[in-house]
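Engineer: Model the structure of this input:
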Amino acid sequence: MQPGEKTSPASNTTQPLEKRPSFPISDGVEVSVWRADLSSFKPDAIVNAANVNLQHAGGLALTLSKAGGPEIQEQSDTYISQFGTLKTGDTIVTNAGKLPCKKNVHAVGPCLPPNPTQIMVSTAEKHLKLAISNIFRVVENCNFQSVARPALSSGIFNFPVNLCCKVIATAIKEFSGNRKSAATPLSINLVNNDMKTVQAMERACLQIFTNKTKARPSVPKSSKKDLSAEEQLTSLWKRKDTEVVVSVLPSQTKGNSLNIHHSELRTLQPHRWLTGEIIEGLLHLAANQLQMGNHIYILNHYSAGGILFGERQQVAQGEL
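Structural biologist: A predicted model of the protein is given here:
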């Protein structure tokens, strides 16, 4: 086996392996995002999302423990009996059993309840950074040249996945710039098996490693001059990824005000004027659907609202 093959996944897994983007972020360090089963990888080390008691009874820990055989849990039990429980942020190394790697790095990430508060997340973020830092300390001390790791704490430990991926990518960038063994190549594989986490990891890596984000939709600009307000509205009206509120209708019942969006009028042409009849018809329909009865203001039949363009005289003469 060639050195470059160490990070290749095993071919006998039942889940399709999908390599996503790779980012050469510094001399000798390359980061790759994968959608795959972590237990199928063949790096020097696989990182396990452990708890403080090293009881691999659920989530990724259970998957790796089953794939590696009883040796992993036995060594974990031996460690706990000799040294006691771990703290959040701690890491230890055990043999990998039947896993296709040299060592298993058990990292204790923060564990949060479902729907944690912002204060809880902020505190947990510090512990997550510590755990990631300790993982890289082990990588350096053991001279690992390849490591496969998950989005630690983002699964059954309930840490917000987007923030988790951003913290991981930021930590990798900082680590790569301060390596002690900079001459040794290192392959970091970010491996998760659910698409939501994989995509979140891709976005984080793209932002942190390349300072790029996906472009946001914008109103096209004329090459000769800026678009007028009416031209911008026409452009937005035709697009399916935008939503324009054309009227806000107050209700006598607090919290039940209605917004009428332009998608509800998409069968119409871009209008400078939305007549009272159109809005009133939509309002009656919405009121019936919400069973609001008379607890809502009905627009006067002759009033007009929404988006107005044109000179005051044109409006008064009804020429729009």
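Engineer: who does the lengthiest strand in the chain pair up with?
Structural biologist: As assigned by DSSP state E, the longest strand anywhere in the chain is strand 18-26. Sheet pairing for strand 18-26, assigned by DSSP bridges, gives strand 29-35 (antiparallel).
Engineer: ok, then the element right after the partner strand?
Structural biologist: Using DSSP states H and E, the helix or strand that follows strand 29-35 towards the C-terminus is strand 45-50.
Engineer: now for the helix or strand that that next one is followed by, which elements pack on it?
Structural biologist: Per DSSP H and E, the first helix or strand lying C-terminal to strand 45-50 is helix 59-68. The contact analysis (3 or more Cβ pairs under 8 Å, 6 or more residues apart in numbering; DSSP states H and E) places helix 59-68 against strand 45-50, helix 70-83. C-beta: built from backbone N, CA, C; applies to glycine.
Engineer: Residues in contact with helix 59-68: which ones?
Structural biologist: 37-39, 46, 48-51, 55-56, 72-73, 96-99, 104, 150, 155-157 (Cβ atoms under 8 Å, 6 or more residues apart in numbering).
Engineer: So among these, which ones count as buried?
Structural biologist: When burial is judged by neighbour count using 16 or more other Cβ atoms under 10 Å, the buried members of the contacts of helix 59-68 are 37-39, 46, 48-51, 56, 72-73, 96-97, 99, 104, 150, 155, 157.
Engineer: show me where pLDDT drops low in the stretch 1-150 of the chain?
Structural biologist: Scanning the stretch 1-150 of the chain for pLDDT under 70 picks out 1-16.
Engineer: Mind doing that once more with 90?
Structural biologist: Where the stretch 1-150 of the chain drops to pLDDT under 90, the residues are 1-28, 40-41, 58-59.
Engineer: ranges for the helices of the stretch 101-250 of the chain?
Structural biologist: Under the criterion DSSP state H, counting those that start in this stretch, the stretch 101-250 of the chain contains helices at 118-141, 161-176, 195-210, 229-238.
Engineer: Go through those helices and pick out the most buried.
Structural biologist: Comparing the helices of the stretch 101-250 of the chain by mean neighbour count (mean count of other Cβ atoms under 10 Å), helix 161-176 comes out on top with a mean of 21.
Engineer: mean confidence score for it?
Structural biologist: Across helix 161-176, pLDDT averages out at 94.
Engineer: switch to numbering from 49
Structural biologist: In the new count, where the first residue is 49, that last one comes out as helix 209-224.
Engineer: angle of that helix against strand 66-74?
Structural biologist: Calculated by axes from the mean of the first three to the mean of the last three Cα atoms, to 10 degrees, helix 209-224 forms an angle of 40 degrees with strand 66-74.
Engineer: Kindly calculate the angle that helix 209-224 makes with helix 243-258.
Structural biologist: Counting by the same axes, to 10 degrees, helix 209-224 lies at 40 degrees to helix 243-258.
Engineer: helices or strands next to helix 209-224 in the packing?
Structural biologist: strand 66-74, strand 77-83, helix 166-189, helix 243-258.
Engineer: Alpha carbons only: can I get that helix in PDB?
Structural biologist: C-alpha atoms of helix 209-224 as PDB (Å, rounded to 0.1, in the frame of the first residue of the first chain):
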ATOM      1  CA  VAL A 209     -24.500  21.600  13.500                       C
ATOM      2  CA  ASN A 210     -23.700  24.800  11.600                       C
ATOM      3  CA  LEU A 211     -21.800  26.300  14.500                       C
ATOM      4  CA  CYS A 212     -20.100  22.900  15.100                       C
ATOM      5  CA  CYS A 213     -18.700  22.800  11.500                       C
ATOM      6  CA  LYS A 214     -17.600  26.400  11.700                       C
ATOM      7  CA  VAL A 215     -15.700  25.800  15.000                       C
ATOM      8  CA  ILE A 216     -14.000  22.700  13.500                       C
ATOM      9  CA  ALA A 217     -13.000  24.400  10.300                       C
ATOM     10  CA  THR A 218     -11.600  27.400  12.200                       C
ATOM     11  CA  ALA A 219      -9.700  25.100  14.600                       C
ATOM     12  CA  ILE A 220      -8.200  23.300  11.600                       C
ATOM     13  CA  LYS A 221      -7.000  26.500  10.000                       C
ATOM     14  CA  GLU A 222      -5.400  27.700  13.200                       C
ATOM     15  CA  PHE A 223      -3.800  24.300  13.800                       C
ATOM     16  CA  SER A 224      -2.400  24.100  10.300                       C
END
